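In: structure, please.
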Amino acid sequence: MKIVVTSQNFKTITNHAGKARRFIIFNVNKDGSFEELTRLDLPQEMAFHNFQGNEHPLDGVDALLSASFGMGFMNKMARRGITASLVNSTDIKTAIEEFLKNGQIVPEFACHNHGDADHVCGCSH
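Out: Alright, predicted model coming up:
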């Protein structure tokens, strides 16, 4: 299993997953241990918020952990076969261990403005 974390500072898990350009990819072994495989520092056009191509450097990872993202990002990752999960801790080791133990954490979404034709919150209403 491969897990990627958003890490703009390469020290902690950071937020705004859709705009993140720095990532650390980890390999998770069968015994639950994990080690860093590589770090990515992508150009702005490769941030998922801006990305328009078919193949992305993160394709093939199983899970992406971040401190924040919205429903649109979570759905975009699901279409790529990636489980997006929020973290309770920005400490990378702790967050990966919690994900492996407890699974995906999804954000709570407040639906609003459904009368606005331009509004897209991603909910099912």
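In: can you give me the strands for the chain?
Out: Secondary structure of the chain (DSSP state E): strands at 2-6, 22-28, 34-41, 63-66, 83-86.
In: just name the most buried of the ones you listed.
Out: Highest mean neighbour count among those (mean count of other C-beta atoms under 10 Å): strand 63-66, with a mean of 25. Every C-beta, even on glycine, is put in place using the N, C-alpha and C of the backbone.
In: strands paired with that strand, and their directions?
Out: Looking at strand 63-66 with DSSP bridges, its partner strands are strand 2-6 (parallel), strand 83-86 (parallel).
In: same list (those) but as JSON lines, adding mean pLDDT.
Out: Formatted as JSON lines, these follow (pLDDT from 0 to 100):
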{"stretch": "strand 2-6", "mean pLDDT": "98"}
{"stretch": "strand 83-86", "mean pLDDT": "97"}
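In: out of these, which gets nearest to M46?
Out: Distance to M46, taken as C-beta to C-beta, is lowest for strand 2-6 among the strands paired with strand 63-66, at 13.0 Å.
In: any idea how far that closest one is from the chain center?
Out: Put simply, strand 2-6 sits 7 Å off its chain's centre (C-alpha atoms, centre = their mean, to the nearest Å).
In: F51 contacts Q44, correct?
Out: No - using C-beta atoms under 8 Å, F51 is not in contact with Q44, being 9.9 Å away.
In: what's the longest helix belonging to the chain packed up against?
Out: When the chain is parsed with DSSP state H, its longest helix is helix 92-102. Where contact means 3 or more C-beta pairs under 8 Å, 6 or more residues apart in numbering; DSSP states H and E, helix 92-102 is packed against strand 2-6, strand 22-28, strand 63-66.
In: which parts of that helix are buried?
Out: By 16 or more other C-beta atoms under 10 Å, the buried positions in helix 92-102 come out as I92, A95, I96, E98, F99.
In: just to revisit the earlier point, want to throw the strands paired with strand 63-66 into TSV with distance to T14?
Out: Converted to TSV, these look like this (distance: least, C-beta to C-beta, whole Å):
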stretch	distance to T14
strand 2-6	5
strand 83-86	12
